[in-house]
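>>> Have a look at this prediction, sequence included:
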Amino acid sequence: MNIKDVRIRDPFILLEGDKYYMYSRYMGVGGFCVRVSDDLIEWSDEKPIFLNSGSFWATQDFWAPEVHKYNGKFYLFATMKNDRCHRGTQIFVCNVPDGMFKPLSDYPQTPSGWECLDGTLYVEDDIPYMVFCHEWTQCGYGEMCYIRLSDDLSRAVSEPQLMFRANEPEWAASCVSDRPGFVTDGPYMHRVSDGRLIMIWSSFRKNGDGNAYVEAMAYSDNGKIDGQWIHAERLLMRDDGGHGMLFRDKDEKLRLVLHSPNIRARERALILNVKESEADGLLEIVE
């Protein structure tokens, strides 16, 4: 199937060997799937990598799967919930990138009692962390946070630490009018050549009478996860696209993949070339 015909939200692409793997929600069922490609253009049919057999705790909101290679295995980070439990990110493991993943625990690794989503793996000084979103539906001003994970990624071994809130950038806009609704979505960590640690993430900005879903950038003042996070004034994607991630293609070129437009049933994976900007050292899309 051509990439233009693949309906997908929150796409995540992993290059392993000579194949690209693109992960997504398995539409219509409780689970996740992968498509495989040689060239980022033509993709295989969906192949399930996790399905709820009926005994798994989560029953809804199977969202935003990511697969990271870590210590020789592949780890799936994905969001889910049920009617009795808060939404959270749980971690799964498999020996291959397109096999059936098994949960590392019986519960999410994000804090219990919090509404959380979009956990991603970040490793610093050989220490694994999960960066995740504390959702605006619970706290109003959506938060970006991190926790330290155990070496096997099975559990959190620290209290959550606040990185920033979604209302901090000057461009930020609430997604609702009757209460605070500042969204944090889809963090992904990347280090640029000057040593700065940056995060791309998504939220909403004012756009005429409505809001636009955008891809934003922030960077740490000390180059580490525990630094003060500074918001770039310039947006990476200004209009109707977001929840992106970065990967290197077979030619070592840096790519950004995100979904656009941000309209249910019309979403597609948009794969773009990006480079470091000569103006500020952060990222920009190459036309």
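Perfect, I can see it now.
>>> wait, doesn't Leu254 sit right on Arg248?
Yes: with contacts counted by C-beta atoms under 8 Å, Leu254 reaches Arg248, the gap being 6.1 Å. (C-beta placed from N, C-alpha, C; glycine too.)
>>> quick one, which of these two is more surrounded?
Using other C-beta atoms under 10 Å, the more surrounded residue of Leu254 and Arg248 is Leu254, with 17 against 10.
>>> For the stretch 51-200 of the chain, which segments count as strands?
Assigned by DSSP state E, counting those that start in this stretch, the strands in the stretch 51-200 of the chain fall at 60-70, 73-82, 85-94, 102-103, 116-124, 127-134, 143-148, 161-165, 185-191, 197-207.
>>> Using PDB, list the CA coordinates for the last one.
What it means is strand 197-207. Output of strand 197-207 as PDB, limited to C-alpha atoms (Å, rounded to 0.1, in the frame of the first residue of the first chain):
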ATOM      1  CA  LEU A 197      19.200  18.100  24.000                       C
ATOM      2  CA  ILE A 198      15.900  19.000  22.300                       C
ATOM      3  CA  MET A 199      12.400  17.700  22.500                       C
ATOM      4  CA  ILE A 200       9.800  17.800  19.700                       C
ATOM      5  CA  TRP A 201       6.200  17.700  21.000                       C
ATOM      6  CA  SER A 202       2.800  18.800  19.900                       C
ATOM      7  CA  SER A 203       0.000  21.100  21.100                       C
ATOM      8  CA  PHE A 204      -2.300  23.800  19.800                       C
ATOM      9  CA  ARG A 205      -1.800  27.400  18.700                       C
ATOM     10  CA  LYS A 206      -4.300  30.100  17.900                       C
ATOM     11  CA  ASN A 207      -5.200  30.200  14.200                       C
END
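>>> following it, which helix or strand comes up?
strand 210-220 (DSSP states H and E).
>>> Past that following strand, which element shows up next along the chain?
With DSSP H and E, the next secondary element past strand 210-220 is strand 229-231.
>>> Quick check: buried residues in that next one?
229, 231 (16 or more other C-beta atoms under 10 Å).
>>> Just give me the residue closest to the centre of this protein.
Gly186 (3.5 Å; C-alpha atoms, centre = their mean).
>>> pLDDT wise, what is the nearest residue to that residue once chain neighbours are set aside at?
Distance criterion C-beta to C-beta, 6 or more residues apart in numbering; nearest residue to Gly186, sequence neighbours excluded, is His243 at 3.7 Å. For His243, the pLDDT comes out at 98.
>>> Over to the one 4 residues further on?
The confidence metric pLDDT takes the value 98 at Phe247.
>>> repeat for Ser53
80.
>>> swap in Val131?
Confidence score, pLDDT, at Val131: 98.
>>> circling back: ok, the residue nearest to the centre of the chain - contacts?
10, 64, 118, 133, 200-202, 242-245 (C-beta atoms under 8 Å, 6 or more residues apart in numbering).
>>> Alright, I will stop here.
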